[in-house]
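S.K.: Here is the input, now give the coordinates:
(one chain, ligands or ions: 1)
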Amino acid sequence: MAGHTPQISTEPVVWTPVGDFTDIRYEHSAEGIAKITINRPEVRNAFRPQTIVEISQALTEARDNPAVGVIVLTGEGPNAFCSGGDQRVRGDTGYLSEPGAAGAVGRFHVTDLHIQMRRLPKPIVAMVAGYAIGGGHVLHLVCDLTIAADNARFGQVGPRVGSFDGGYGASLLAEIVGAKKAKEIWFLCRQYDAHQAERMGMVNTVVPLADLERETVQWCREMLALSPFALRLMKASFHAAEDGMAGIQQLAHDANLLFYANEEAKEGREAFKARRRPEFEKFPRRP
Ligand code: S0N
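M.R.: Residues are numbered from 1 along each chain as shown. Purely as a prediction, here's the structure:
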């Protein structure tokens, strides 16, 4: 059976910069990994609206680019994955695009980003060194997999800084660690180290900081060797229950993507174009 196991490269990864961004770095590897790095280490990679817009643009490119099979989301440097919303641009109505933009109407740009990540039909891997705190913690939860360095620290801070995320920040966390533990995380605002997070099921593996990218790339390469559409359907299947009707819609439309190439579906299309009666009787009514 060993002959059926695909050879996975262990060569060092080479990243090529893509696009022109201010708050993130966006890179591709030739084998099909896209890497998005939040590049604001001076604020522990906190996100402002511009950061979220740029992550979203990079995710759109990664989704639409058929050469990309897996996406890595990370933060610049060893100190933080992401420390959540940039508190310096937090206004009374959400996060403002410009600091001190009096009267400007803010919003939570990150809400739409969470949905985009859930719907994106390719695996997203959080590569976490240092702090994943507040909205940064929710970002790693929304990723499909999390690889943590041994210096990673996880936690929610909302009740300490006068905010809360009752969306995926609550529901997905409870789904992953259980309701009691999720309430502890939100009600006490403690920090948890990488091994505690692993024991809770919040991270997939913990590795020494020096090995973080190598290990993450290895996991990506293993996924790249697998059927992309099977991975797509598995992601949609997990989310079908968790995301309710929106999750079922994604899974159903994925099924439609396959059905379009089926002779039965093509018969309907061709009959319409030829203005003839479709001959569906030639297709089996499957048991
Ligand atoms: C991450 C922490 C624990 C790191 O501590 P450390 O290593 O001691 O570093 P510091 O000296 O504290 O920080 C270094 C510099 O970075 C700045 N900084 C850090 N985090 C932020 C931040 N989030 N915003 C702005 N600046 C930040 C420090 O100020 C410091 O700067 P200098 O050197 O100039 O002094 C520690 O830093 C920490 O606890 N950070 C704050 C964590 C936090 O409060 N995060 C925000 C939580 N809220 C959200 O994330 C919002 C989420 C959201 O958008 C949302 C979405 C949907 C629904 C609701 C919400 C919601 O509002 O919650």
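S.K.: correct me, but P228 touches G69?
M.R.: Yes - the pair P228 / G69 is scored as a contact, 5.8 Å apart, by C-beta atoms under 8 Å. C-beta: built from backbone N, CA, C; applies to glycine.
S.K.: distance of G19 from A246?
M.R.: G19 is 29 Å from A246, where distance means C-beta to C-beta, to the nearest Å.
S.K.: To clarify, my last question referred to V128.
M.R.: V128 sits 27 Å away from A246, going by C-beta to C-beta.
S.K.: cool, F154 as well?
M.R.: Counting by C-beta to C-beta - F154 and A246 are separated by 27 Å.
S.K.: These two: who's more crowded?
M.R.: Of the pair F154 and A246, F154 is the one with more neighbours under other C-beta atoms under 10 Å, namely 26 against 13.
S.K.: what sits up against the strand or helix carrying that one?
M.R.: F154 belongs to strand 153-155 when assigned by DSSP states H and E. With contacts defined as C-beta atoms under 8 Å, 6 or more residues apart in numbering, strand 153-155 is touched by 128, 130-134, 137, 140, 185, 189-194, 196-197, 202-203.
S.K.: What about the ligand: which of the residues you listed touch it?
M.R.: Counting by C-beta under 6 Å from any ligand atom, Y131, I133, G134 from the contacts of strand 153-155 sit close to the ligand.
S.K.: that older thread, more neighbours: P228 and G69, which one.
M.R.: Per other C-beta under 10 Å, whichever of P228 and G69 has more neighbours is G69, with 21 against 16.
S.K.: tell me the contacts of that one?
M.R.: G32, I33, K122, P123, C220, M223, L224, P228.
S.K.: before we move on, what about D254?
M.R.: Neighbour list for D254: P121, R232, L233, A236 [criterion: C-beta under 8 Å, 6+ apart].
S.K.: Turn these into a markdown table, columns for neighbour count.
M.R.: As requested, the contacts of D254 are arranged in a markdown table below (neighbours: other C-beta atoms under 10 Å):
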| residue | neighbour count |
| --- | --- |
| P121 | 16 |
| R232 | 18 |
| L233 | 18 |
| A236 | 22 |
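S.K.: Can you tell me which of those end up in helices?
M.R.: When DSSP state H is applied, those are split such that R232, L233, A236 fall in helices.
S.K.: ok, of those residues, which one's closest to A170?
M.R.: A236 (22.4 Å; C-beta to C-beta).
S.K.: Pretty sure the closest one sits against L251.
M.R.: Yes - using C-beta under 8 Å, A236 is in contact with L251, at 4.2 Å.
S.K.: what about burial for the contacts of strand 153-155, which qualify?
M.R.: Among these, those buried by neighbour count (16 or more other C-beta atoms under 10 Å) are 128, 130-134, 137, 140, 185, 189, 191-192, 194, 197, 202-203.
S.K.: Looking at those, which is nearest G91?
M.R.: Nearest to G91 among the buried ones among the contacts of strand 153-155 is G134, at 16.6 Å by C-beta to C-beta.
S.K.: could you list every residue that touches the closest one?
M.R.: For G134, the contacting residues are S83, G84, G85, G155, Q156, V157, G158, V161, by C-beta under 8 Å, 6+ apart.
S.K.: Please spell out the PyMOL selection for the buried subset of those.
M.R.: In PyMOL syntax, the buried subset of these is picked out as below (16+ other C-beta under 10 Å):
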select buried, resi 83+84+85+155+156+157+158
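S.K.: Of the contacts of G134, which are in range of the ligand?
M.R.: The overlap between the contacts of G134 and the neighbours of the ligand (C-beta under 6 Å from any ligand atom) comes to S83, G84, G85, V157, G158, V161.
S.K.: Just the CA coordinates for stretch 188-201, please, in CSV.
M.R.: Provided in CSV are the C-alpha atoms of stretch 188-201 (Å, rounded to 0.1, in the frame of the first residue of the first chain):
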residue,chain,number,x,y,z
LEU,A,188,-12.9,35.2,32.6
CYS,A,189,-10.8,36.6,29.7
ARG,A,190,-7.9,34.4,30.7
GLN,A,191,-5.1,33.5,28.3
TYR,A,192,-4.3,29.8,27.4
ASP,A,193,-1.0,28.5,26.2
ALA,A,194,-0.5,26.4,23.0
HIS,A,195,-0.7,23.1,24.8
GLN,A,196,-3.9,24.0,26.7
ALA,A,197,-5.4,25.1,23.4
GLU,A,198,-4.4,21.8,21.8
ARG,A,199,-6.0,19.9,24.6
MET,A,200,-9.2,21.9,24.1
GLY,A,201,-9.3,21.0,20.4
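S.K.: Please consider this matter closed, and thank you.
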